[in-house]
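Colleague: give me a 3D structure for the following:
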Amino acid sequence: MTSILMISDTHLPGRGRDLPPEVWQAAHDAEVVIHAGDWTEESLVDRLERRSRRLIAVWGNNDGPRLRARMPEIAYETIGGVRFAVTHETGASTGRERRCDERFPAADVLVFGHSHIPWDTTTPGGLRLLNPGSPTDRRRQPFCTYLTAEASDGALSNVVLHNV
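Modeller: Numbers count the residues shown, from 1 in each chain. Presented below is the predicted three-dimensional model:
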């Protein structure tokens, strides 16, 4: 069983001075940390790399050239037999399932960000779409959020949305 932390849209230091302590603890506890872009601060990448066992990261629309040089726009990784794709933007919520099925046919799970709105659906093609929201900028949501899950034997389980 591989434990996973999923975060996105941290926007440091603009939306917060740092990640909340419980998110740092979740990063420490997880075997894999996934960040779906909009870091805005390069030092957060350095700190998360040092404090994570394994970091899978992409850049977002608010990330400048230095961050874009360090990570891809889309990452593909297999964790516990589950094929993950990670990207920042997927476009409007209308038609998202169809677009993602077409764009990520080899993935079992797509982790994305951008909207700061938690999302958990499964497309007609069987692709699980997960947006962890933001642990630092809730926008119009009642809480800041992040996701944890476990992957094992090709299945994703125990997907939990955490309120900060």
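Colleague: just give me how far the helix or strand containing residue 158 sits from the chain centre.
Modeller: Following DSSP states H and E, the helix or strand that holds residue 158 is strand 155-163. Between the centre of strand 155-163 and the centre of its chain there are 12 Å (CA atoms, centre = their mean, to the nearest Å).
Colleague: pull out the buried positions in that strand.
Modeller: Of all the residues in strand 155-163, those buried under the rule 16 or more other CB atoms under 10 Å are 156, 161, 162. For every residue, glycine as well, the C-beta is placed using N, CA and C.
Colleague: mind listing what the first one touches?
Modeller: Residues touching residue 156, when contacts are defined by CB atoms under 8 Å, 6 or more residues apart in numbering, comprise 80, 82, 108, 109, 128, 149, 150.
Colleague: so how far is residue 60 from it?
Modeller: 23 Å (CB to CB, to the nearest Å).
Colleague: can you list the residue ranges for strands in the chain?
Modeller: 2-7, 32-35, 55-57, 74-79, 82-87, 109-111, 119-122, 128-131, 145-152, 155-163 (DSSP state E).
Colleague: export those strands as a markdown table, with columns for mean pLDDT and distance to residue 97.
Modeller: Listed next are the strands of the chain as a markdown table, based on pLDDT from 0 to 100; distance: least, CB to CB, whole Å:
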| stretch | mean pLDDT | distance to residue 97 |
| --- | --- | --- |
| strand 2-7 | 98 | 19 |
| strand 32-35 | 98 | 20 |
| strand 55-57 | 98 | 23 |
| strand 74-79 | 98 | 18 |
| strand 82-87 | 98 | 14 |
| strand 109-111 | 98 | 10 |
| strand 119-122 | 96 | 7 |
| strand 128-131 | 98 | 7 |
| strand 145-152 | 98 | 18 |
| strand 155-163 | 98 | 17 |
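Colleague: check what pLDDT the residue lying closest to residue 5 once chain neighbours are set aside gets.
Modeller: Nearest residue to residue 5, sequence neighbours excluded (CB to CB, 6 or more residues apart in numbering): residue 30, at 3.9 Å. Residue 30 carries a pLDDT value of 98.
Colleague: so residue 30 sits against residue 6, correct?
Modeller: No. Counting by CB atoms under 8 Å, residue 30 sits too far from residue 6 to count as a contact (9.1 Å).
Colleague: which of these two has more neighbours?
Modeller: The neighbour comparison of residue 30 against residue 6 (other CB atoms under 10 Å) goes to residue 6, with 29 against 21.
Colleague: residues in contact with the more buried one?
Modeller: Residues in contact with residue 6 (CB under 8 Å, 6+ apart) are 34, 36, 111, 130, 132, 146, 147, 148, 149.
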